[in-house]
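Student: Fold the following.
(one chain, ligands or ions: 2)
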Amino acid sequence: MAVPPTLCDRIVVAQLTSPNRGAIASVGILGLGAERLITRLLRSISGRPLRPFTLGTVRLCEFQFAQYPPEKVIAAQIGPHQFEIYCHGGPVAVSRILTAAQQHGASVISWEDWLSLTHPSLITAEALVALTQAKTRRVASILSAQTAENWDREIRTIREHILSQAWDTALERVDRLVARWAIGGRMVDGWVVALVGPPNAGKSSLFNRLLAEDRAIVHPTAGTTRDLLRATISLDGWPVTLIDTPGYGPTDDPLEKAAMARARNTFTELDLGLFVLDVTQNRAALLEETILPPDRILTVFNKIDLLSTHSAGQPSGSESCQTGFYLVSAKTGEGIAELVAAIVRRLVPGELASDEPVPFTSRQHGWLESLRQAVQGRDPAASCNALKRLGCENTIPE
Ligand SMILES: Nc1nc2c(ncn2[C@@H]2O[C@H](COP(=O)(O)OP(=O)(O)OP(=O)(O)O)[C@@H](O)[C@H]2O)c(=O)[nH]1
Ligand SMILES: [Mg+2]
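Tutor: Residues are numbered from 1 along each chain as shown. Ligands and ions are numbered 1, 2, ... in the order given. Alright, predicted model coming up:
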């Protein structure tokens, strides 16, 4: 690849592998003077100066430190003015190499900045960074499809509409992209859902059921859960942070009050609260204690296995909140699939085809909003500029 314009007068180094201990670590060196730096830092294992590298050369060498004995490393030229050094995976070995490169004038950069510099398309680099944080296969597969080709195709189509002054068609396409931000903006961090409601309703049991793991303590004593418990789960392939909260209701007990205050603190960060109620209890009274706005709550009646026949004890429509209710048994698993589908419907607006471009960083979203404004204002120059900044090519030809 061509050298990015920002690297015409400097050399950068970055640790490309995890900062944690590993068997082997990889350090990248990039810039117009990278060859010179490599020949200063490395020598052949016979002690002679290095022969020049060519693209694809891989060599066993010795890294020379000013203060430490030399270390055996493998060096490779993987692009014009771009090298990688593979060394022992301990943090000390890597930091010695980075420091030595720094002493010879190179700047140390993060692996995220390295990806931006070494990929001609900023969107591809952003997708690679996001991929390292993907918590589910579905998100990983969507992020893998955020290639320069997919985005270029979309950007080219919108540009053609703009240049032929088909403003309404251009706006339609831009609006569709902007709308996908509702999913794309949450793909990496996911959504937050909490189990809230009166003590003993089965919140912790439901938490364990959704997690498919016996994580939270479940007990017939009301007020069992005191601390918030968090876990990341995949619901239909979407990452969701699930929070189990202490039972919520009137109490004089200072400990329970403190626990409830903790629960209340989470309400501001919630995308959805599952208001869990015991189906065998007095439901009408309990519903008055709803503590979240209706658009962020889904009512769940638990313990339906305790009803002799569902129709006999089932809550009626008038008892349910306007947003509907779900009947489940955390004990037997009945109704859980329907509940999961309902949660996903509430959290994830619309469908995404796997190869569709979807904005997933604030940078992309920001430029899309600028593009929308420019297209609405029928301003060709501002529209084309926003399109260019959105795709943002990193390099200039060598
Ligand atoms: N039969 C039946 N019992 C359940 C069900 N879910 C929970 N329970 C029982 O209800 C009791 C309370 O369950 P928990 O999950 O601890 O309830 P909780 O809402 O977390 O309670 P707190 O932490 O005290 O607020 C326990 O004895 C559970 O075994 C269910 O679906 N069916
Ligand atoms: Mg509990």
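Student: where does this protein come near ligand 2, residue by residue?
Tutor: 203-204, 224-225 (CB under 5 Å from the ion). Heads up, the C-betas are built off the backbone N, CA and C, glycines and all.
Student: and if we set it to 6 Å?
Tutor: Within the chain, the positions lying close to ligand 2 (CB under 6 Å from the ion) are 203-204, 216, 224-225, 244.
Student: Nearest to residue 386 among those?
Tutor: residue 244 (43.9 Å; CB to CB).
Student: before we move on, the earlier item: mind listing which of the residues of the chain next to ligand 2 are in strands?
Tutor: Members of these lying in strands (criterion: DSSP state E): residue 244.
Student: Quick check: buried residues in the longest strand that the chain contains?
Tutor: Criterion DSSP E: the longest strand present in the chain is strand 71-79. By 16 or more other CB atoms under 10 Å, the buried positions in strand 71-79 come out as 71, 73, 75-77, 79.
Student: Please apply the same query to stretch 93-109.
Tutor: 93-94, 96-98, 100-101, 106, 109.
Student: quick one: the strands in this structure?
Tutor: Under DSSP E, the chain gives strands at 12-15, 24-30, 42-44, 58-63, 71-79, 82-88, 107-108, 191-196, 229-235, 238-244, 272-278, 297-302, 325-327.
Student: Include mean pLDDT when you put the ones you listed into JSON lines, please.
Tutor: As requested, those are exported to JSON lines (pLDDT from 0 to 100):
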{"stretch": "strand 12-15", "mean pLDDT": "96"}
{"stretch": "strand 24-30", "mean pLDDT": "96"}
{"stretch": "strand 42-44", "mean pLDDT": "93"}
{"stretch": "strand 58-63", "mean pLDDT": "94"}
{"stretch": "strand 71-79", "mean pLDDT": "95"}
{"stretch": "strand 82-88", "mean pLDDT": "96"}
{"stretch": "strand 107-108", "mean pLDDT": "96"}
{"stretch": "strand 191-196", "mean pLDDT": "95"}
{"stretch": "strand 229-235", "mean pLDDT": "95"}
{"stretch": "strand 238-244", "mean pLDDT": "96"}
{"stretch": "strand 272-278", "mean pLDDT": "93"}
{"stretch": "strand 297-302", "mean pLDDT": "93"}
{"stretch": "strand 325-327", "mean pLDDT": "92"}
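Student: Dump these to JSON lines, plus distance to residue 345.
Tutor: Listed next are these as JSON lines, based on distance: least, CB to CB, whole Å:
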{"stretch": "strand 12-15", "distance to residue 345": "42"}
{"stretch": "strand 24-30", "distance to residue 345": "43"}
{"stretch": "strand 42-44", "distance to residue 345": "58"}
{"stretch": "strand 58-63", "distance to residue 345": "52"}
{"stretch": "strand 71-79", "distance to residue 345": "46"}
{"stretch": "strand 82-88", "distance to residue 345": "46"}
{"stretch": "strand 107-108", "distance to residue 345": "46"}
{"stretch": "strand 191-196", "distance to residue 345": "12"}
{"stretch": "strand 229-235", "distance to residue 345": "11"}
{"stretch": "strand 238-244", "distance to residue 345": "11"}
{"stretch": "strand 272-278", "distance to residue 345": "11"}
{"stretch": "strand 297-302", "distance to residue 345": "10"}
{"stretch": "strand 325-327", "distance to residue 345": "11"}
